[in-house]
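A.B. asks: Here is my input; please provide its structure:
(4 chains)
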There are 4 protein chains.
Amino acid sequence: MTVKFGVLGAGRIGQVHARAIASVPGATLVAVADAVEAAAQALQDQYGCEIRTIDEIREADDVDAVIICTPTDTHADLIEAFVKAGKAVFCEKPVDLDVARARQVIETVAAENGTLMVGFQRRFDPDFRALKAAIDEGRIGEVEMVTLTSRDPGAPPPAYIQSSGGIFRDMTIHDFDVARWLLGEEVETVIAQASVLTDPEIGKLGDYDSVNVILRTASGKQCTITNSRRATYGYDQRIEVHGSAGSISAMNHREANIEIATGDGYTKPPLLNFFMSRYTAAYAAEIAAFVEALRTGAPMPTTGLDGLRALELADAALQSAKTGQAVSLSAR
Amino acid sequence: MTVKFGVLGAGRIGQVHARAIASVPGATLVAVADAVEAAAQALQDQYGCEIRTIDEIREADDVDAVIICTPTDTHADLIEAFVKAGKAVFCEKPVDLDVARARQVIETVAAENGTLMVGFQRRFDPDFRALKAAIDEGRIGEVEMVTLTSRDPGAPPPAYIQSSGGIFRDMTIHDFDVARWLLGEEVETVIAQASVLTDPEIGKLGDYDSVNVILRTASGKQCTITNSRRATYGYDQRIEVHGSAGSISAMNHREANIEIATGDGYTKPPLLNFFMSRYTAAYAAEIAAFVEALRTGAPMPTTGLDGLRALELADAALQSAKTGQAVSLSAR
Amino acid sequence: MTVKFGVLGAGRIGQVHARAIASVPGATLVAVADAVEAAAQALQDQYGCEIRTIDEIREADDVDAVIICTPTDTHADLIEAFVKAGKAVFCEKPVDLDVARARQVIETVAAENGTLMVGFQRRFDPDFRALKAAIDEGRIGEVEMVTLTSRDPGAPPPAYIQSSGGIFRDMTIHDFDVARWLLGEEVETVIAQASVLTDPEIGKLGDYDSVNVILRTASGKQCTITNSRRATYGYDQRIEVHGSAGSISAMNHREANIEIATGDGYTKPPLLNFFMSRYTAAYAAEIAAFVEALRTGAPMPTTGLDGLRALELADAALQSAKTGQAVSLSAR
Amino acid sequence: MTVKFGVLGAGRIGQVHARAIASVPGATLVAVADAVEAAAQALQDQYGCEIRTIDEIREADDVDAVIICTPTDTHADLIEAFVKAGKAVFCEKPVDLDVARARQVIETVAAENGTLMVGFQRRFDPDFRALKAAIDEGRIGEVEMVTLTSRDPGAPPPAYIQSSGGIFRDMTIHDFDVARWLLGEEVETVIAQASVLTDPEIGKLGDYDSVNVILRTASGKQCTITNSRRATYGYDQRIEVHGSAGSISAMNHREANIEIATGDGYTKPPLLNFFMSRYTAAYAAEIAAFVEALRTGAPMPTTGLDGLRALELADAALQSAKTGQAVSLSAR
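C.D. replies: Residues are numbered from 1 along each chain as shown, chains lettered A, B, ... in the order given. Alright, predicted model coming up:
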């Protein structure tokens, strides 16, 4: 059985997913929809798929599944519409910036007995999977403390920041998901600090660029998250998990695996500078996992609930940063 | 001019400082005092110094300076007594576990126009100094976020934990001092989380073994501190400072600088397993700095006030861990 | 203009090149030939190309270029036949195990004004290209000494060893090519040592499994090559170039970019264990470079002459290993 | 029992050994001799030893052992004189630049039943000892190939080069000794290449600055040695040993264990720039081993024969570099 795909939105991330579909055996790209003609055309040229409207894709008999790559504020409606139309849905995080709306969508999916995978590509990164596998094999004993470092090379443009929901909902949200995945327990308490250090404009928009968060589970496991919107040396993405029997780390990816020694010292190249080049393999593996789950009938590896939980943590962190108080998740 | 030293307390740390004195040009060890005869005798055998009582050392004309290596609860009284006797005093942290008493001591030292250096050896570690020098040279721009990771190979015995003042005052205190040193600004707000994960006995004693702290200065700079009382791979001591123009890290020290490759992978030896072997050079440099300041009349590189500030941060962190609220330093 | 390809030989390396063609814009796979029906069928299934005989491909109007992935002893005849038929030819090294025959082929290609690229994929590896680019930018000054370490995870089967021409012509030949590329001068003198250390069967076949070679150019630049047929930790592929102003190295590729710390030390995973996974990107870049040269009319990046020179160095090394004497290339 | 030492020669290396004696329990420095008054005076000031003539030390009852740190051309005579006087002798390599004379000295020592340790400090470096211990524990199986990389930051002054016996006898000799130590078998065949690449003046003096050597034992084990008189990034000293079950490496020592990340990449400091700072611990351990052997009556860990064998390898390498022929050690 081949899974026939429609892609909604042919922008940057839509292209990434189209390429992923082409690389996955048992998946084929049938149709693409985008308000921008040229964007849709580019996908057609490259993969031979048809250009259709979103409605046409929703009603098409030759489309089994869609990947939603449209702007965030369209996600909730599209998920509901396509699930109701009987399509399997893969949607980039978040389901919605509003927790209540996200909850509603999840309920709709459940009521329709629909299929929804929410994209958290980091869980599919080969290094992070190797790290998780080693933990699951017991190589570091019981997980005690997780340390996540995520720094972007630079802040997105002001327009994006305004519609993004802020750093916790847009950037830290990936770390919240990774934290849940690695802690193996739900988070009970969140405390956070947030500053504007890289660009006062970000502060004027009501957002932050430098944040630290401590998460804590019921059994006392903890996770710290460090985020910055500025890293001159590239896209900084590190995980360290400390356990009762040892620690495990996943390291950064460089532009090239070389080193130059001179009188100034030993220099390795900066990190890959862009999340799409850093996570190329993760994006492909994510779609492969979606296809695999569709073909085998296994549960989706990341669900709407995962999206919701991460969003709740983002809201809690924001509240803690503003009030200086620990926020309890269960009490919310 | 040679600085003539007395050492009070000939235990583990007293021996370290005696060796440091022997290695510093312009310093000589004249006398040692210890209630345990054998301990004092060992120093006499090795360095040819005299065994005296604490009172004799305080009144001795041939002693310029003392190093206080006695139990914590004697520090405050000894500092006051020796400063009043006109001796320069080097005292291991802390001045006292009680902030009010520590403040009193500092006032006494000031009133007597005395000389007091409080030992925070990490500031004198060659790697950490190189890191600080690079920051001061502007190589990473403005400091924005500091990340300190300190993990002990194992917890001290219960008796020690009871008298130590708890993990924040005993272990994290070193990180608080390093944080102040590297942030270059006083800390304004502290939030912390604390768990018992390695040994329930520690919890029964009312202490914690796994803590995370976020510090924040008035300008919004932040520092995270991660501590654990258990690290199977040795004595874990890392610093990372993130700035506007780059980041800088100081890495761990291993037992040997070798690597073995087999079918199981590439393995480097564990870390040095003990703070005294890890910080051998730092302890020597610390005493050399004390001697240098005495000889040149320069200000002491680390003072009673540094000890007090670190202690205040420890108290604030403990309060935050207990209340779940950010603790403001200025408001205390 | 799209370059239309035929692939001769649909075995392991033929599949690699077919995948590369599919990934290169401006290239398309039209036809495949293989005596083994199933092998050809697999490529047809995956890429939709036609199955034809070698003769049909040679005479086809819709094929511009071929990739020769057939056994070594067919390379020379096929190159000549396809060049005479006006096809551009990409052939895996070697042109022929016999230097005289290889020379003849090169002369034929020249006489026919034909197009021949001989595959030395390492020159197209992204890390090695970054290393070469840094050298060309002058970052290590003048190249003085090159150190090449190549170790295979294990020896090929006896049947392969017998037809391979021996370790120097089969394995070291890649290092000879890299050495010429990085030294930037032709080699004048070769000395070598060769042993049988991993498996006596290899010695019975008249071959070696452990060799060291020193190359020297007219100006005195040197290159050492270390090869072994056994490396328990994976496929070991390192380059170090020492120059007047510094050194540059290209490091190995691991299975995952993680590290586990326990009481036994800090362990990173073994290396990628297979030349095809290690050089995946290089194989794709090599075909992209061939297509680029065909489309722009630029000279082929690696030619029959490169293949010949590497083979001459292999013969010289074998002679030196057997006689214990330096072998002069110019004198041969 | 305390071993009472005389030091002959109070120059750079004499100071190193005096400091080592001071740090070794059970050893004491009694006397120093040096034609340069100020040099001897400096040692007296620092360690409280007496200044005497060489003859006085030789005849002194209160001196058990001497360390010969005088110029190379005095070593042979001094060793013989002091051994005949019943003193235990530690002599820096080489015994003599002439193999015949060195052999004679060894025979004299044997005839006198004397005690001679020849200094090859690398064998006592803590990292190299850890590497050797891992090999002896069988962690890499049978040793197959050793790779030694030694590069000096810069060439010594012309005057030194002239009296040094040339690069093989002065610099590579340390690698020859390490090779013998790690191969665990005597070398049978030597081939070498030598160039002048860093400074034509070195060539005018009849010496080389860039050499590569391949050693081979009877069982076919091999060792490559790479030397250069120029390394902009510091004093480069690496060992890699490849065995049947794995490989083991000893890495370089840096000025500080830090790393700076900026837009230019990740930079670690250059290497320690001087053999004395790199091998501080090795020099101390070497004297400790001498004292230990004297106190326990155990055999000397490195002997005159070790010095002789390394010298023979140096001569063989020079001959091979000049003739282009493999030189057989057994045939000499």
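A.B. asks: Please make it C-alpha for all contacts and neighbour counts, starting now.
C.D. replies: Noted.
A.B. asks: do you know how far the residue nearest to the spatial centre of chain A is from chain B?
C.D. replies: Against the mean C-alpha coordinate of chain A, by Cα atoms, centre = their mean, the closest residue is residue A:120 at 3.2 Å. Per Cα to the nearest Cα, to the nearest Å, residue A:120 is found 26 Å from chain B.
A.B. asks: In this structure that residue contacts residue A:177, no?
C.D. replies: Yes - look at residue A:120 against residue A:177 with Cα atoms under 8 Å: they come within range, at 7.4 Å.
A.B. asks: Residue A:297 - how many residues pack around it?
C.D. replies: For residue A:297, the count of nearby residues is 9 (other Cα atoms under 10 Å in any protein chain shown).
A.B. asks: tell me which parts of chain A are close to chain D?
C.D. replies: Contact residues, chain A versus chain D (Cα under 8 Å from any Cα of the partner chain): A:232-234, A:261-271.
A.B. asks: 6 Å instead?
C.D. replies: With Cα under 6 Å from any Cα of the partner chain as the criterion, chain A comes near chain D at residues A:232, A:233, A:261, A:262, A:263, A:265, A:266, A:267, A:268, A:269, A:270.
A.B. asks: Can you check the pLDDT for the nearest residue to the first one once chain neighbours are set aside?
C.D. replies: Read it as residue A:232. Among residues not flanking residue A:232 along the chain, residue D:263 sits closest, at 5.0 Å (Cα to Cα, 6 or more residues apart in numbering or on different chains). We have a pLDDT of 97 for residue D:263.
A.B. asks: Can you tell me how far residue D:263 is from residue A:323?
C.D. replies: Distance, residue D:263 to residue A:323, by Cα to Cα, to the nearest Å: 36 Å.
A.B. asks: same check, this time on residue A:108
C.D. replies: 34 Å.
A.B. asks: ranges for the strands of the stretch 101-250 of chain A?
C.D. replies: Ranges of strands in the stretch 101-250 of chain A, per DSSP state E, counting those that start in this stretch, are A:116-119, A:143-151, A:187-195, A:210-217, A:222-228, A:236-243, A:246-250.
A.B. asks: Would you tell me which of these gets closest to residue D:97?
C.D. replies: Nearest to residue D:97 among the strands of the stretch 101-250 of chain A is strand A:246-250 (52.2 Å), distances taken as Cα to Cα.
A.B. asks: now the next helix or strand after that closest one against strand C:246-250, angle please.
C.D. replies: Using DSSP states H and E, the helix or strand that follows strand A:246-250 in sequence is strand A:258-262. For strand A:258-262 against strand C:246-250, the angle by axes from the mean of the first three to the mean of the last three Cα atoms, to 10 degrees is 170 degrees.
A.B. asks: contact partners of strand A:258-262?
C.D. replies: For strand A:258-262, contacts defined as Cα atoms under 6 Å, 6 or more residues apart in numbering or on different chains pick out A:266, A:267, A:268, C:246, C:247, C:248, C:249, C:250, C:251, D:232, D:233.
A.B. asks: just the buried members of the residues of chain A next to chain D?
C.D. replies: A:232, A:233, A:261, A:262, A:265, A:266, A:267, A:268, A:269, A:270 (16 or more other Cα atoms under 10 Å in any protein chain shown).
A.B. asks: next SSE after the least confident helix or strand in chain A by mean pLDDT?
C.D. replies: In chain A, the helix or strand scored least confidently by mean pLDDT, DSSP states H and E is helix A:158-164, which has a mean of 88. Downstream of helix A:158-164, the first helix or strand assigned by DSSP H and E is helix A:167.
A.B. asks: Just the mean pLDDT for that next one, thanks.
C.D. replies: Here the average pLDDT along helix A:167 is 97.
A.B. asks: Stretch A:300-320 now?
C.D. replies: pLDDT averaged over stretch A:300-320 gives 97.
A.B. asks: ranges for the helices of chain A?
C.D. replies: Applying DSSP state H to chain A gives helices spanning A:12-23, A:37-47, A:54-59, A:75-84, A:99-111, A:126-136, A:158-164, A:167, A:173-183, A:200-204, A:275-278, A:280-296, A:304-323.
A.B. asks: Just the pLDDT for residue A:332.
C.D. replies: As predicted, residue A:332 sits at a pLDDT of 48.
A.B. asks: Find the nearest non-adjacent residue to residue A:318, please.
C.D. replies: Closest to residue A:318 by Cα to Cα, 6+ apart is residue A:168, at 6.7 Å.
A.B. asks: Chain C contacts on chain A?
C.D. replies: Counting by Cα under 6 Å from any Cα, chain A sits next to chain C at A:127, A:246-251, A:256-262.
A.B. asks: For the contacts of strand A:258-262, work out which two are farthest apart.
C.D. replies: C:251 and D:232 (20.3 Å).
A.B. asks: Just list the residues touching the residue of the stretch 51-200 of chain A found nearest chain B, thanks.
C.D. replies: Nearest residue of the stretch 51-200 of chain A to chain B (Cα to the nearest Cα) works out as residue A:195 at 5.3 Å. Going by Cα under 6 Å, 6+ apart, residue A:195 touches A:208, A:210, B:220.
A.B. asks: cool, residue A:307 as well?
C.D. replies: Per Cα under 6 Å, 6+ apart, neighbours of residue A:307: none.
A.B. asks: Residue D:290 versus that one, what's the distance?
C.D. replies: Residue A:307 is 68 Å from residue D:290, by Cα to Cα.
A.B. asks: Same check on residue A:278?
C.D. replies: 55 Å.
A.B. asks: Which one's more surrounded, those two?
C.D. replies: It is residue D:290, of residue A:278 and residue D:290, that has more neighbours when counted by other Cα under 10 Å, with 23 against 20.
A.B. asks: What does the pLDDT read for that one?
C.D. replies: You'll see residue D:290 listed with a pLDDT of 97.
A.B. asks: List the contacts of the residue in chain A that chain B sits nearest to.
C.D. replies: With Cα to the nearest Cα as the measure, residue A:325 is the residue of chain A nearest to chain B, at 4.5 Å. If a contact means Cα under 6 Å, 6+ apart, then residue A:325 has residue B:325 as its contacts.
A.B. asks: again, only this time at 10 Å
C.D. replies: Residue A:325 sits next to A:190, A:191, A:192, A:317, A:319, B:191, B:320, B:323, B:324, B:325, B:326, B:327 when contact means Cα atoms under 10 Å, 6 or more residues apart in numbering or on different chains.
A.B. asks: Not counting sequence-adjacent ones, nearest residue to the fourth one?
C.D. replies: On the basis of Cα to Cα, 6+ apart, the spatially nearest residue to residue A:317 that is not a chain neighbour turns out to be residue A:192, at 5.5 Å.
A.B. asks: Alright, that wraps it up for me.
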